[in-house]
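In: predicted model, plus sequence, below.
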Amino acid sequence: MLSKKLNLKAYYKPKVFVLASPSAAGKTTLCYAAARKDKNIWYSVSATTRAKRPHEKNGREYYFVSDAKFDQWFKTGELLESTTIYDARYGTPKQPILKKIEQGKDIILDLDIAGVKSMKRFYPHTVGIYVIPPSLNELWARLKNRSRSSSDKIKERFSKASAEMTLVFNNIKSKRPFINYVIVNNDLNKAIADLMAIIRAERLRVSK
Ligand code: 5GP
């Protein structure tokens, strides 16, 4: 009996890690870093109707699709969840997620807060992670830095981001939080190490 190897893999339920954040907090970089560092983590690429940015590649950052195609996928149930942000639609393709779960792979996604909630409803082994900048001043500076929009637009994004952070922190205090961890992204290497620590801990967890 003592020499018999325990097959712990048979008990493992793949985890779905969903990162959300106010804009410009660096969650996409964190998702890519986790998938690069750990071959058992698969990054789920969403579909979107927004225009492709110059550095982006179809199938890498997003599947860039028309409104009609998005509608078709939505109607035929090919999207696990979807949302609209600033007139663009975003959605998570369902089949690839189901396939990876079946293969025993962990998954990482970069979604908005509504996406975290939907994912939690869909799959119980979902871990909600909220990435925040070290301060509101820093958030303001990052938004200004990365945006070519008017100052009114930046102000609008800033107030949306601070309202979202208040909502998330109230939710954390509630009985059924959808966010399980918060990562403060002050130093990128430390934030990546924090994310890898969360992933490691969740893989070892045996109860909810
Ligand atoms: P961006 O256009 O800057 O790439 O993304 C805008 C927002 O959409 C980000 O907060 C991103 O996490 C979110 N997002 C991207 N794909 C999805 C998706 O499939 N579902 C949901 N709910 N949000 C998404």
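Out: Structure's in. What do you need?

In: and the helix or strand bottoming out on mean pLDDT in the chain, what does it pack against?
Out: When each helix and strand of the chain is scored by mean pLDDT, DSSP states H and E, helix 136-146 comes last, with a mean of 87. On a contact count with 3 or more C-beta pairs under 8 Å, 6 or more residues apart in numbering; DSSP states H and E, helix 136-146 meets helix 151-172. Where you see a C-beta, it was placed from the backbone N, CA and C, and this is true even at glycine.

In: which neighbouring elements make contact with the helix it packs on?
Out: Using 3+ C-beta pairs under 8 Å, 6+ apart: helix 151-172 touches helix 113-122, helix 136-146.

In: nearest to the ligand, of the ones you listed?
Out: helix 113-122 (2.7 Å; C-beta to the nearest ligand atom).

In: which residues are contacting the least confident helix or strand of the chain?
Out: For helix 136-146, contacts defined as C-beta atoms under 8 Å, 6 or more residues apart in numbering pick out 22-25, 133, 154, 157-158, 161-162, 186.

In: one more time with 6 Å, if that's ok
Out: Here helix 136-146 makes contact (C-beta atoms under 6 Å, 6 or more residues apart in numbering) with 24, 133, 154, 157-158, 161.

In: report the angle between it and helix 151-172.
Out: 140 degrees (axes from the mean of the first three to the mean of the last three C-alpha atoms, to 10 degrees).

In: helix 136-146: which residues count as buried?
Out: Neighbour counts over helix 136-146 (16 or more other C-beta atoms under 10 Å) mark 138-140, 142-143 as buried.

In: next, give me the two most distant ones among the contacts of helix 136-146.
Out: Between any two of the contacts of helix 136-146, the greatest separation by C-beta to C-beta is 14.4 Å, found for Pro133 and Ile154.

In: these two - which one has more neighbours?
Out: Neighbours were counted for Pro133 and for Ile154 using other C-beta atoms under 10 Å; Pro133 has more, 23 against 17.

In: state the phi and psi torsions of that one.
Out: phi -80, psi 160 (degrees, to the nearest 10).

In: list the contacts for it?
Out: Residues near Pro133 by C-beta under 6 Å, 6+ apart: 25, 139.

In: for it, report the pLDDT, please.
Out: Per-residue pLDDT puts Pro133 at 92.

In: for Ser150, same thing?
Out: pLDDT, Ser150: 80.

In: what about Ser207, how many neighbours?
Out: 3.

In: what about it, is that helix, strand or coil?
Out: coil (DSSP: H, G, I helix; E, B strand; the rest coil).

In: please list the residues of the chain that sit near the ligand.
Out: Remark: the part of the chain in contact with the ligand comprises 46, 50, 81, 83, 85, 90-92, 110-112, 114-115, using C-beta under 6 Å from any ligand atom.

In: and Ile198, its phi and psi?
Out: phi -60, psi -50.

In: was I right about it contacting Asn180?
Out: No - counting by C-beta atoms under 6 Å, Ile198 does not reach Asn180; the two are 8.2 Å apart.
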